[in-house]
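In: 3D, please:
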Amino acid sequence: MATEDLNVFIKNTSTTEKYALQVEKITLAIQKNPVQIAAPKMSPYLFDLGIYKPIITLVGVVDDQSGGGTVGVTLDSGSETYRIPTAYQMSRMSTDWWYDSGQSIYLYILNPDNGVYVSFFRYTSALQNLALDYMAASEERPTFSMTLACSRAKSYYPHFNEG
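Out: Numbers count the residues shown, from 1 in each chain. Next up is the predicted model:
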């Protein structure tokens, strides 16, 4: 995968770890929890209190041992260099990164554009699940599936603010 095709980035705000993920599929699911109260001999009452839980699932490929390439990208905190992780670094991320008051995980998803502007969604997230799948004849490029619980996206569209 060419580095210009890397459009998903993940960063730990309390460390220097920043990764450019080779993602093939992104799924955003938003679970809502309306309250349903049964009533005798009537249709149930429904109350939507506005409770929602965004979940993002990323599916892609990762190098088993020969990662380490880098890509430079300008996001909300200026120009930064992101490393393409190995499978080992992905597995360490699942055990070493957590969300608390001193450590945030930012997930950036770049939006397709004409190459003039950089626009993206930034999610504050917590890693829920990471699975690495090694298949015969492709052990050097295992697939991964990563699930993150997220906040509402913060959007950055600079071209919407210009004349």
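
In: can we go C-alpha only for contacts and neighbour counts from here?
Out: Fine.

In: Where does the prediction get shaky in the protein?
Out: Along the chain, segments meeting pLDDT under 70 span 1-5, 67-68, 113-117, 139, 157-163.

In: Quick check: bridge partners of the residue sitting nearest the centre point of it?
Out: The chain has Leu107 as the residue nearest its centroid, 4.2 Å off, counting by C-alpha atoms, centre = their mean. Beta-bridge partners of Leu107, counted by DSSP bridges, are Ile10, Tyr123.

In: how near is it to Gln65?
Out: For Leu107, the distance to Gln65 (C-alpha to C-alpha, to the nearest Å) stands at 23 Å.

In: The residue nearest to the centre of the chain and Cys150, how far apart?
Out: Applying C-alpha to C-alpha to Leu107 and Cys150 gives a distance of 9 Å.

In: so what sits against both of these two?
Out: Tyr123, Thr124, Ser125 (C-alpha atoms under 8 Å, 6 or more residues apart in numbering).

In: What strand or helix carries the last one?
Out: Ser125 is part of strand 120-133 when elements are defined by DSSP states H and E.

In: Quick check: of the shared contacts of Leu107 and Cys150, which lies closest to Thr57?
Out: For the shared contacts of Leu107 and Cys150, the minimum distance to Thr57 (C-alpha to C-alpha) is 11.5 Å, reached by Ser125.

In: Cool, thanks, talk later.
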